[in-house]
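Asker: Following is a predicted model, sequence given first.
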Amino acid sequence: MSQTPLRFLFVALLGSAFCLGSAQVKRTLKPEDYGQWETLVAPLISNDGHWISYQLPRVDGDSRLVIRNSDGPEKADIPGGKSAQFSDDSKWFGYLISPPKAIAEKLQEEKKPVETRFALRNLANGAEIMYEGIVPVPKREQECRSACLSRCGKGGGWQRLCVDQPSNR
């Protein structure tokens, strides 16, 4: 047998041994790792196509809402944001904001209400109008074209709050 095939075989074996020896060992996932996983859900595109939104819920219960301008660098990351909607004219963006899971669980243990907020964001300048103590009203009960919500009144009773799109605010 000539030396050329033996050299080739030796170099091939040496190369494969080197590759096997330098391979990374991947860490095994553990149950506590699963809480960090995120899934993109509820993607929205504004009617004019300039804004996109999506929710990133985590397995551990906390989530965030992302809104970004598809034409520029504007981006907002809203912890606890959910149930988002763009206005028909693509000038406003409304969404609910829930407290973090740990705070909500503590309030529930103390038998206190877990309050949600409703935010209405002006997409032209980023200004927000915030409404406290909100509970969404099912669509079949809505009497207005914009956001229709309920909130606990100062006297303890529930108030219906219909938020029509603000004009040039």
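Answerer: Thanks, I have it.

Asker: Next, the contact list for Glu38, please.
Answerer: 56-58 (CB atoms under 8 Å, 6 or more residues apart in numbering). Any C-beta I mention is one placed from the backbone N, CA and C, and that applies to glycine too.

Asker: And Lys101, by the same measure?
Answerer: Lys101 neighbours (CB under 8 Å, 6+ apart): 60-62.

Asker: Out of the contacts of Glu38, which comes closest to Phe86?
Answerer: Leu56 (17.9 Å; CB to CB).

Asker: Just the C-alphas of the helix or strand hosting that closest one, formatted as CSV.
Answerer: Assessed by DSSP states H and E, Leu56 sits inside strand 51-57. Taking Å, rounded to 0.1, in the frame of the first residue of the first chain, the C-alpha atoms of strand 51-57 are listed here in CSV:
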residue,chain,number,x,y,z
TRP,A,51,-47.6,50.6,13.0
ILE,A,52,-47.4,47.0,14.2
SER,A,53,-48.1,45.5,17.6
TYR,A,54,-47.8,42.1,19.2
GLN,A,55,-48.0,40.6,22.7
LEU,A,56,-45.2,38.6,24.2
PRO,A,57,-46.7,36.5,27.0
